[in-house]
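K.L.:
can you look at this prediction? I've put the sequence above it.
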Amino acid sequence: MPVCSQCGHTIDCPNHAHVVGSVSQPCPLKRGAVWLWVVDESDGNVEGATVTFNGRTGTTDASGVAAFDPVTVQDDPYDVAVTAVPSTREKTHALPTAATGTVTAVQAQIVTKKFTLRTLRPKLAVVDRHDFKKVVGASHKHTLVLKNEGDGELTLGAITFPTHFKADDTNAVTTGTTIAVGHEAELKIEYTPGAVGEHSGDLTLASNDAASPKAVALHGELVKPAFELFRGTGVLPLVPFATTDVAEHLDGALPDTDHGVDADTRDPSLDAAFTFPLKTDYATNVHADADPSVFRLRLKGMPDAAPDEVAVVVKVLKASGVALPGVAGFVNAGTAGVAAGMPVTFKKNGAVWESPYLRVATTVTDLSKGATAMVHSSYAATIADAANAKQFGRVLEAKATVMGEAVAGEYPMGGEPWARVPVRFCAVGWAGGVLKPLAKLAELNQYWAGQGLEFKLHDPLVPLAQLVAPPRLLLTLNEHTGAALFTDHDVRVEVTVSFSIGGGDVDAAVTADVAAGETASQAAAHIKNALGAWRGGGAASAVRLDADVFDFAAPRVVLTGPGPNPPADLTAIGARGPTDLTVKETTGAAVTNLRITRVAATREVTTTTPDPTGNGPPTVTVARVADTSVDAFSPPVAQAFHDPVCNPPSAAMRAWVRAFGSPGRDAVTVLISDRVGEQALVALCEAGLSTLYDANVDTLKGRMAPELANLASSTSPISILNFGRWTEPQAHFVIFLGRGNFSAGSNDLQHEVGHTLVDCNHTLREPSWFYKYELMHASGPPMGKANRMTRHKIKVDTALNAGGWKSDYIVLAEGYGGAARARITQLAPQWCTGATDFPWT
Amino acid sequence: MAPFQRRVMAAFFDRMAAMVAQDFPAEHRALGPGGVRALVERMIAWGAEHRVVTEGGVAVLLTLALQYGEGFERSPDRAWALRELAEVARPESARIESLLRRMAQRAQGRVVVIAPEE
């Protein structure tokens, strides 16, 4: 019995059975009913869904139910279905997979068929994962494709970028952007690396995807292309010679040739492809002692997308610190010497882009050997050109644009020379005309390119000096005879010393009688005594003269015998050396222009003339006549000297050394004459620079005659080397050149400089090895494995007076340049740039 | 008081069993007398948890349990009904009346069954 909900008492219905509460139950409730109940996956009721029952359509109410009540109870089931989701849920829900079914009605029951709508789910996918790998430039953009691979509409939430990445300003995709099912959206991202290196982080995309947020790894790498100088497989350091032992590089792992492979093992075909520079015209690049000109450049740190070929412009910016172009004559079309530079194509080789082999030349002569040579300057016939034609201090510039990125590199080519040699040009017996010693200096530098030497003008303001005779204060006895006795008969030596005092010139004439059988030193003592006894009058009355006597008892020595190595035997000439007497002012008033103006020897000649009548006594006449047998002369020098080795044994040549060395005696002096041989000597004498020629009798004195006779027929240049045993330590090298030797096209100057610098000179026997391995000389052999420049051992002849004369030679371990280096280090360390300790000997 | 209370409770159980037998004969048969008693006891307890303590209130809960299941799991209004019951600050009568109007009226005395899965 139903009961009252309020009081619990049984409630009777007057018409039917019962009444429950206020709700009437008009019938026994035995009819069947069907509810179609629609819920979502959260079991929430879905209102508004469209359902069908046995062909009838209904809509679910707020409880998610569409009631079909009553229905006829029958054995056969009814077809039921949910046919549409509510419009409010179309974007979020879909019909269930089983949207249809059957229901069998039951008497007095409400049979409920429950349908569960399927929830639609968006799925965010990033189709393209871009990597900004090895890029150049400040900003790089890429569009990421976002795709909705789910079955529900995708709505983007917050978009968060890692450092160095950001959204492109033009981006249309932002927070709140919706992407329909199966559709895509483009997210434009920008990579702003800022600094070279790798950058990475996660791009975070929030959305209504169940898997939100989604992380997208971003990566970028900013690279910076850069040039690198290299040679073959090894990268040579750019080092100055002054601080680096070049031999380390040459003997170690690094190659001594141009192809990166040691000459003994490299592919011979490479030699054929890249001919070594043979003689002139090449400047040096990195290694003065190695291949002087061949090198390569390469680009490293290149971006991934760089093309296989990159155009590069190479250009020489400076020479000896002077900016180029701007130097007159510096116009060599098609080369790096022009203002626009020379185009070169770098080709990809693995991770780097490499240039072809390049050369730096100083002239255009060798450009025909390949299209990849470049010129840094030329030595046209102007002083400005020559001054800028130095081989060192050049700066090579390489420029390229790689994918919009400017790349540039500058390389000092040649580093520092290990020595700078001052050269002084002097004219002797000059008849006029204009030579161009500066241009010649440029040639000299080119000739020596690759040896680490650079020549400079000793005095740039006086490129060609006209010299006058120096004051003579030296009287030399027995220079040429080398005899033990000065005279075998009585002679009188007459010496006139002149000086100026109080505005007037004074001649002090003295005589010294030398008896037969006396030595040169005894004769010199007589002269010294005569000078000391001289007394003048007037202003000169207070003047006292004196002299120093230097006697050299040892014989003069030359190298003779067969050569070339070991050097020839030393042979003494004469029994002893000369005796020098130097005039000096000792007391009294100061004088100027003190000098010997006359030296003469006379002997007494008695002439007996019979009386013409035959009756008287004969007439005996005693007269003094010139005695040319006496070896006494005054060379144009101020100090006593003695050279042990000199061939030809020319006092005149020694005199030139003394006379025309630079004032500081710190240069290679080049004497230029427009006369040759004997004529040159005559010119010297006529100019008062030598006494070897007696114009009065047109006679050459002493033993010089045959030597000068040889010179008379020769135009050979001569170099004189001071071995360092003369009393003036700074009189280094003197080269005598006839004008013809100095003409354009002649390399005699360069050759003679070679002699002087490697301690060879023409006063010695010519060493054949010097010519054989003088690689730069016109007659030198081609460069090859057998005589490579830096491995060939050099022998240098020397003559030493170590308690007696002997010859010696030293072996220089490395190459021609090493020999010159060693000698300069020994003789003129002040010429070396920086370090003076070169381990070459 | 105890003997009196026992008699009252016995009478209540008898009335509830009679109601089930009359209005829900199939369920009465299925449950049996013991099962019906147990069901009534669970409804009393459930009602007490929600401050439904009157005989009429418990009778409504019993009726709805038979129609929709003990947790109203077969009712589309289950969530609403449970929230209604949980609002214990409201008077029991108001809440029971609300349940009656929405759920009992809807079922009209019939038992709701879920069609089996096909």
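P.N.:
Perfect, I can see it now.

K.L.:
can the helix or strand hosting residue B:10 be found next to chain A?
P.N.:
Using DSSP states H and E, the element containing residue B:10 is helix B:2-23. Yes - applying C-beta under 8 Å from any C-beta of the partner chain, one finds helix B:2-23 touching chain A at B:15, B:18-19, B:22-23. Quick note: C-beta positions are derived from backbone N, CA and C, even for glycine.

K.L.:
would you map the helices across chain A?
P.N.:
A:246-251, A:268-273, A:383-387, A:437-447, A:520-533, A:651-660, A:677-686, A:704-712, A:748-757, A:768-772, A:815-827 (DSSP state H).

K.L.:
am I right that residue A:603 is in contact with residue A:625?
P.N.:
Yes - counting by C-beta atoms under 8 Å, residue A:603 does reach residue A:625; the two are 6.6 Å apart.

K.L.:
settle it for me: which of these two has more neighbours?
P.N.:
residue A:603 (18 against 10; other C-beta atoms under 10 Å in any protein chain shown).

K.L.:
identify each buried residue in stretch A:499-508, please.
P.N.:
If you call a residue buried by 16 or more other C-beta atoms under 10 Å in any protein chain shown, then stretch A:499-508 has these buried ones: A:499, A:501, A:506, A:508.

K.L.:
now for the residues you listed: which two are most distant?
P.N.:
Across the buried residues of stretch A:499-508, the longest distance by C-beta to C-beta is 10.9 Å; it joins A:501 and A:508.

K.L.:
which residues do these two both contact?
P.N.:
Residues touching both residue A:501 and residue A:508 (C-beta atoms under 8 Å, 6 or more residues apart in numbering or on different chains): residue A:540.

K.L.:
so what's residue A:201 up against?
P.N.:
Neighbouring residues of residue A:201 by C-beta under 8 Å, 6+ apart: A:161-165, A:217-218.

K.L.:
redo those residues as TSV? Include pLDDT, neighbour count and distance to chain B.
P.N.:
TSV is the format used below for the contacts of residue A:201 (pLDDT from 0 to 100; neighbours: other C-beta atoms under 10 Å in any protein chain shown; distance: C-beta to the nearest C-beta, whole Å):
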residue	pLDDT	neighbour count	distance to chain B
A:161	94	16	44
A:162	95	18	45
A:163	94	10	49
A:164	93	20	52
A:165	93	22	47
A:217	92	12	44
A:218	92	22	46
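
K.L.:
what's the closest of the residues you listed to residue B:73?
P.N.:
Looking across these and measuring by C-beta to C-beta, the closest to residue B:73 is residue A:217, at 47.9 Å.

K.L.:
these two touch, right, that closest one and residue A:200?
P.N.:
Yes - judged on C-beta under 8 Å, residue A:217 makes contact with residue A:200 at a distance of 6.8 Å.

K.L.:
what's the distance between residue A:109 and residue B:113?
P.N.:
Distance, residue A:109 to residue B:113, by C-beta to C-beta, to the nearest Å: 5 Å.

K.L.:
what about the two, which has more around it?
P.N.:
Set residue A:109 next to residue B:113 and count neighbours by other C-beta under 10 Å: residue A:109 wins out with 20 against 16.

K.L.:
any idea how far that one lies from chain B?
P.N.:
5 Å (C-beta to the nearest C-beta, to the nearest Å).

K.L.:
bridging residues for that residue?
P.N.:
Per DSSP bridges, the residues bridged to residue A:109 are residue B:111.

K.L.:
can you verify my assumption that it contacts residue B:107?
P.N.:
No - using C-beta under 8 Å, residue A:109 is not in contact with residue B:107, being 9.7 Å away.

K.L.:
so what touches the longest helix that chain B contains?
P.N.:
Identified as the longest helix of chain B according to DSSP H is helix B:25-49. Helix B:25-49 is contacted by residues B:12-13, B:16-17, B:20-21, B:52-53, B:57-58, B:61-62, B:65-66, B:70, B:111 when judged by C-beta under 8 Å, 6+ apart.

K.L.:
that older thread, could you pull out the buried residues of the helix holding residue B:10?
P.N.:
B:12-13, B:15-17, B:19-20, B:23.

K.L.:
swap in stretch A:97-113?
P.N.:
Using 16+ other C-beta under 10 Å as the test for burial, stretch A:97-113 gives A:99, A:101, A:103, A:105-106, A:108-113.

K.L.:
quick revisit: what's the spacing between the helix holding residue B:10 and its chain's center?
P.N.:
Distance of helix B:2-23 from its chain centroid, counting by C-alpha atoms, centre = their mean, to the nearest Å, is 14 Å.

K.L.:
show me the beta-bridge partners of residue A:670.
P.N.:
With beta bridges defined as DSSP bridges, residue A:670 has these partners: residue A:425, residue A:735.

K.L.:
what count of nearby residues applies to it?
P.N.:
Counted with other C-beta under 10 Å, residues neighbouring residue A:670 total 29.

K.L.:
and it, what pLDDT?
P.N.:
With respect to pLDDT, residue A:670 scores 79.

K.L.:
for it, what are its contacts?
P.N.:
Residue A:670 makes contact with A:423-426, A:437, A:734-735, A:737, A:749 under the criterion C-beta under 8 Å, 6+ apart.

K.L.:
as JSON lines, those residues with pLDDT and neighbour count would be great.
P.N.:
Formatted as JSON lines, the contacts of residue A:670 follow (pLDDT from 0 to 100; neighbours: other C-beta atoms under 10 Å in any protein chain shown):
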{"residue": "A:423", "pLDDT": "85", "neighbour count": "23"}
{"residue": "A:424", "pLDDT": "80", "neighbour count": "24"}
{"residue": "A:425", "pLDDT": "81", "neighbour count": "27"}
{"residue": "A:426", "pLDDT": "77", "neighbour count": "24"}
{"residue": "A:437", "pLDDT": "70", "neighbour count": "25"}
{"residue": "A:734", "pLDDT": "72", "neighbour count": "29"}
{"residue": "A:735", "pLDDT": "76", "neighbour count": "27"}
{"residue": "A:737", "pLDDT": "74", "neighbour count": "25"}
{"residue": "A:749", "pLDDT": "81", "neighbour count": "26"}
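
K.L.:
name the SS class of the residue most central in space within chain B, please.
P.N.:
Centre of chain B computed as the mean C-alpha position; nearest residue by C-alpha atoms, centre = their mean is residue B:62, 1.6 Å away. What DSSP: H, G, I helix; E, B strand; the rest coil gives for residue B:62 is helix.

K.L.:
chain neighbours aside, what residue packs nearest to it?
P.N.:
Leaving out its chain neighbours, the residue that sits closest to residue B:62 by C-beta to C-beta, 6 or more residues apart in numbering or on different chains is residue B:43, at 4.7 Å.

K.L.:
number of residues surrounding that neighbour?
P.N.:
Residue B:43 has 23 neighbouring residues, counting by other C-beta under 10 Å.

K.L.:
cool, and residue A:196?
P.N.:
Other residues near residue A:196 number 11, with proximity taken as other C-beta under 10 Å.

K.L.:
that one contacts residue A:226, correct?
P.N.:
No - contact status for residue A:196 versus residue A:226: not in contact, 10.2 Å apart, counting by C-beta under 8 Å.

K.L.:
rewinding a little: adding pLDDT and distance to residue A:145, write the buried residues of stretch A:499-508 out as a markdown table.
P.N.:
Formatted as a markdown table, the buried residues of stretch A:499-508 follow (pLDDT from 0 to 100; distance: C-beta to C-beta, whole Å):
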| residue | pLDDT | distance to residue A:145 |
| --- | --- | --- |
| A:499 | 95 | 106 |
| A:501 | 93 | 108 |
| A:506 | 95 | 111 |
| A:508 | 96 | 112 |
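
K.L.:
in strands, which of those residues fall?
P.N.:
Using DSSP state E, the members of the buried residues of stretch A:499-508 that fall in strands are A:499, A:501, A:506, A:508.

K.L.:
for the nearest residue to residue A:162 once chain neighbours are set aside, give its distance to residue A:166.
P.N.:
Take residue A:162 and drop its neighbours on the chain: the residue closest to it by C-beta to C-beta, 6+ apart is residue A:201, 2.3 Å away. In this structure, residue A:201 and residue A:166 are 11 Å apart, going by C-beta to C-beta.

K.L.:
per-residue pLDDT, residue 29?
P.N.:
All of this is about chain A. pLDDT for residue A:29: 48.

K.L.:
look at chain B instead
P.N.:
At residue B:29, the predicted lDDT confidence score is 93.
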